[in-house]
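1. coords below, sequence missing:
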């Protein structure tokens, strides 16, 4: 199911509450529907993964490298999802150089050399661009007829 | 509305639904169940940063 369809399900529930006179409950369901990101034909599952990550970001003061590795992997090739996690990661003051390098290696799936936190952050961004580039290349190659 | 009430609503909606819709509603209820139950939905879902 697409995220937009799932948002409609929540909006339909809100309509039911509104029709039953429970306006404030309807408003809360609308707030919940608004929090679900439905960009780029995202699936409802991806949208829920993203919401879960965001709510964990909100509820936790210090995020572990493992959390970020998972969040980056869950973002897959979705640029909007990646940028949300990347922005949180980049601005997370609790992440030290060793943590950043651990996240970078975990995301890349191999040991990559980085001397500073900034280099590790740049490498994560570069890795995402590489994944998107490879995916596009593979699609083009698959669409090309050999002769 | 408090978070726990919204979780109950979504749980109930999940039981009344079927298939993928039911599992998505259940998943959403499970995600929200991790939030402080007595907090209001608006406060719990407010975007930070």
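-> Nice, thanks for sending it over. Just so we're clear, the structure is a prediction, and the values are computed from it rather than from any experiment.

2. find the nearest non-adjacent residue to the closest residue to chain A within chain B, please.
-> Closest to chain A within chain B is residue B:41: 4.0 Å, counting by CB to the nearest CB. Backbone N, C-alpha and C define where each C-beta goes, glycine included. Leaving aside its sequence neighbours, residue B:41 sits nearest to residue A:28 (CB to CB, 6 or more residues apart in numbering or on different chains; 4.0 Å).

3. got the phi and psi for the residue of chain B closest to chain A?
-> phi -60, psi -40 (degrees, to the nearest 10).

4. circling back to that earlier point, list the residues that contact the residue nearest to residue B:41.
-> B:1, B:6, B:41, B:42 (CB atoms under 8 Å, 6 or more residues apart in numbering or on different chains).

5. so residue A:93: helix, strand or coil?
-> Under DSSP: H, G, I helix; E, B strand; the rest coil, residue A:93 falls in the coil class.

6. centre of the chain to stretch A:35-44, how far?
-> 10 Å (CA atoms, centre = their mean, to the nearest Å).

7. buried ones in it, by neighbour count?
-> A:35, A:36, A:37, A:38, A:42, A:43, A:44 (16 or more other CB atoms under 10 Å in any protein chain shown).

8. show me what it is in contact with.
-> A:1-7, A:10, A:47-48, A:50-51, A:54, A:78-81, B:20, B:24, B:45, B:47.

9. residue boundaries of the helices in chain A?
-> Remark: helices assigned in chain A by DSSP state H are A:3-19, A:23-35, A:44-59, A:65-75, A:79-91, A:97-108, A:117-143.

10. which one of those lies closest to residue B:16?
-> helix A:3-19 (10.2 Å; CB to CB).

11. which positions in the closest one come out as buried?
-> Under 16+ other CB under 10 Å, the buried positions of helix A:3-19 are A:3, A:6, A:7, A:9, A:10, A:13, A:14, A:17, A:18.

12. tell me which parts of chain A are close to chain B?
-> A:1, A:6, A:9, A:13, A:24-25, A:28-29, A:31-32, A:35, A:44-45, A:48, A:51-52, A:54-59, A:88, A:91 (CB under 8 Å from any CB of the partner chain).
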